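Participant: Generate a structure from the sequence data that follows.
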Amino acid sequence: MKPAGPIPPEFAAQWGELTIAGTPASAWAAAGTPVFVYDPAIVAARVARFRAAFPAVDLHYAIKANPLPAWLTAVAPLVDGLDVASSGELARALAVKPAAAISFAGPGKRDEELTAAIEAGATINLESEGEAARALAIAGRMGRVPRLAVRVNPDVELKGSGMKMGGRASPFGIDAERVPALVRHLCASGADWRGFHVYAGSQALDPEAIAATQAATIALVKRLTEEAGWMPPLVNLGGGFGVPYFAGDRALDVERVGAALAEEIAGSMLAAAGTRFAIELGRWLVAEAGVYLTRVVDVKESRGEQFAVCDGGLNHQLAASGNFGMVVRRNYPIAAAGRMGEAAAEAVSVVGPLCTPLDRLGDQVAMPPVAPGDLVAVFLAGAYGASASPAGFLGHPPAREVVA
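Facilitator: Numbering: from 1, shown residues only. All right, here's what the predicted structure looks like:
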């Protein structure tokens, strides 16, 4: 048997059945499976915890983690800003938040996307000097003053992160040493200078590593500000906050991160000059708020291994299958939704309906006996689930998504 990650403590069982937002899993699945169920109350609790730990820092939601419109309607009022990475996400963000609270990142913005952002009044996080030139030219033709920030490719990386985005050659952002000259050019051109965006990595669970990266980021921004000669209105420190997907993972101590950041901000000339700071979070806010429910279609044995074949798989939950940035495949939290608390009887591999051996949601996990018709729950499905998965592969129907 292979271990699975820890089930988030917000989920309970009633008479042996998983409940989500107080409702049995079977009720959520009654209209059809597979289905993602999202509980906004869990996000509200996360936001409250963040506010307590970071009282002087704005909170942005990176909507790429979960851009479902109904979900954005629930989450947007809880946060200060939304960060988007395409014109499609921009349109969804504008439906729930004013443009002044939206920033647009991404290394491949097309001219029509720059035009849409400038027209709306959203902040563009510039990823290259070429993109800056295009944005200024487009704004000039439109007769508009663009809101422009610079995304910095920092000379530091977030140690222990699942995805490093700094300290190396990168398609993301502008190398730090070239940033001051660009800032001076933007300000001389009459743009509405909005500050810096610095993102060094993601999915980190070590509070000391995150705190050290934030301290290095503030020092970097201070240096860039002095060299550029223009004070940034906002410094987006990125995010990087991880969640415990796998066995042995420990939840991030955000209070330790918050205390360390408060000290850095208090001693910074940036804060004294009125610069605001923001942290951009996706998975830490929403991953644990979602559950993916899929129904067992068949149970079979092959060469001594038990398989529970379900009606959904990597076409909806690519990340849980181990094919979304995972170097060594490990099991997400997974359970038989109707038999919570029962003793495990056997090792079961939970697979989907696709014609590929990659379609495996659980690899030899310990479960009670399952039968056709039973529900399997895959947890931490609130981030990078349906929208990050190849839903069109082999033509199976999409999963439903429901906000509790």
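
Participant: Going by C-alpha atoms from here, please, whenever you check contacts or count neighbours.
Facilitator: Will do.

Participant: got the buried residues for the one helix or strand Ala211 maps to?
Facilitator: Taking DSSP states H and E as the criterion, Ala211 maps to helix 207-228. Buried residues in helix 207-228, counted by 16 or more other C-alpha atoms under 10 Å: 207, 209-218, 220-222, 224-225, 228.

Participant: so what secondary structure elements neighbour it?
Facilitator: With contacts taken as 3 or more C-alpha pairs under 8 Å, 6 or more residues apart in numbering; DSSP states H and E, helix 207-228 sits against helix 179-188, helix 254-266.

Participant: and the angle for it with helix 254-266?
Facilitator: Computed by axes from the mean of the first three to the mean of the last three C-alpha atoms, to 10 degrees, the angle separating helix 207-228 from helix 254-266 equals 20 degrees.

Participant: Check which residues of stretch 112-122 are buried.
Facilitator: 113-115, 117-118, 120-122.

Participant: Where do the domain boundaries of the chain fall?
Facilitator: 12-38+287-403, 67-281 (automatic domain parsing).

Participant: Just the terminal-to-terminal distance for the longest one.
Facilitator: Translated: domain 67-281. 13 Å (C-alpha to C-alpha, to the nearest Å).

Participant: for it, what is the average pLDDT?
Facilitator: Mean per-residue pLDDT for domain 67-281: 93.

Participant: To what extent is the residue nearest to Arg329 when sequence neighbours are not counted buried, counted in neighbours?
Facilitator: Excluding the flanking residues, the one nearest Arg329 by C-alpha to C-alpha, 6 or more residues apart in numbering is Gly322, at 5.0 Å. Neighbour count for Gly322, taken as other C-alpha atoms under 10 Å: 21.

Participant: quick one: pLDDT of Gly322?
Facilitator: 93.

Participant: Could you do the one 5 residues further on as well?
Facilitator: Confidence per residue is given as pLDDT, and for Val327 that number is 75.

Participant: what do you get for the one 10 residues further on?
Facilitator: The predicted local confidence for Ala337 comes out at a pLDDT of 97.

Participant: Tell me, how many residues neighbour it?
Facilitator: 23.

Participant: ok, residues contacting the helix holding Ala211?
Facilitator: 154, 156-160, 176, 179-181, 183-184, 196, 198, 200, 204, 231-232, 235, 237, 240-241, 252-254, 256-257, 260-261, 264, 268-270 (C-alpha atoms under 8 Å, 6 or more residues apart in numbering).

Participant: and the gap between Ala287 and Asp175?
Facilitator: From Ala287 to Asp175 the distance is 31 Å (C-alpha to C-alpha).

Participant: repeat for Ala21
Facilitator: 45 Å.

Participant: Just the endpoints, please. Distance across stretch 229-249?
Facilitator: Across stretch 229-249, first to last residue, C-alpha to C-alpha, it's 43 Å.

Participant: Kindly apply the preceding question to stretch 84-99 instead.
Facilitator: End-to-end for stretch 84-99, by C-alpha to C-alpha: 11 Å.

Participant: which residues sit against that stretch?
Facilitator: By C-alpha under 8 Å, 6+ apart, stretch 84-99 touches 62-64, 67, 69, 72-73, 76, 81-82, 102-106, 109, 113, 116-117, 120-123.

Participant: Show the contacting residues for the most centrally placed residue in the chain.
Facilitator: For the chain, the residue nearest the mean C-alpha position is Gly282 (2.9 Å; C-alpha atoms, centre = their mean). Residues in contact with Gly282, defined by C-alpha under 8 Å, 6+ apart, are 61-66, 383.

Participant: Now render those as a markdown table, adding secondary structure and neighbour count.
Facilitator: Formatted as a markdown table, the contacts of Gly282 follow (DSSP: H, G, I helix; E, B strand; the rest coil; neighbours: other C-alpha atoms under 10 Å):
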| residue | secondary structure | neighbour count |
| --- | --- | --- |
| Tyr61 | strand | 27 |
| Ala62 | strand | 25 |
| Ile63 | helix | 27 |
| Lys64 | helix | 19 |
| Ala65 | helix | 21 |
| Asn66 | coil | 22 |
| Ala383 | coil | 26 |
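
Participant: Which one of these is nearest to Glu301?
Facilitator: Ala383 (32.4 Å; C-alpha to C-alpha).

Participant: Quick check: the closest one vs Arg303, distance?
Facilitator: 35 Å.

Participant: Burial check on the residue nearest to Cys310 when sequence neighbours are not counted, number of neighbours?
Facilitator: Spatial nearest neighbour of Cys310, chain neighbours left out: Val296 (4.2 Å); criterion: C-alpha to C-alpha, 6+ apart. Using other C-alpha under 10 Å, the number of residues around Val296 comes to 24.

Participant: Looks like Val296 contacts Val309 (just checking).
Facilitator: Yes - the pair Val296 and Val309 qualifies as a contact (C-alpha atoms under 8 Å) at a distance of 5.6 Å.

Participant: neighbour count winner among Ala287 and Asp175?
Facilitator: Ala287 (26 against 20).

Participant: For burial, what's the neighbour tally of the nearest residue to Ala386 once chain neighbours are set aside?
Facilitator: Among residues not flanking Ala386 along the chain, His316 sits closest, at 4.9 Å (C-alpha to C-alpha, 6+ apart). Other residues near His316 come to 30 when the count uses other C-alpha under 10 Å.

Participant: and His316, what are its phi and psi?
Facilitator: Main-chain dihedrals, His316, degrees, to the nearest 10: phi -110, psi -30.
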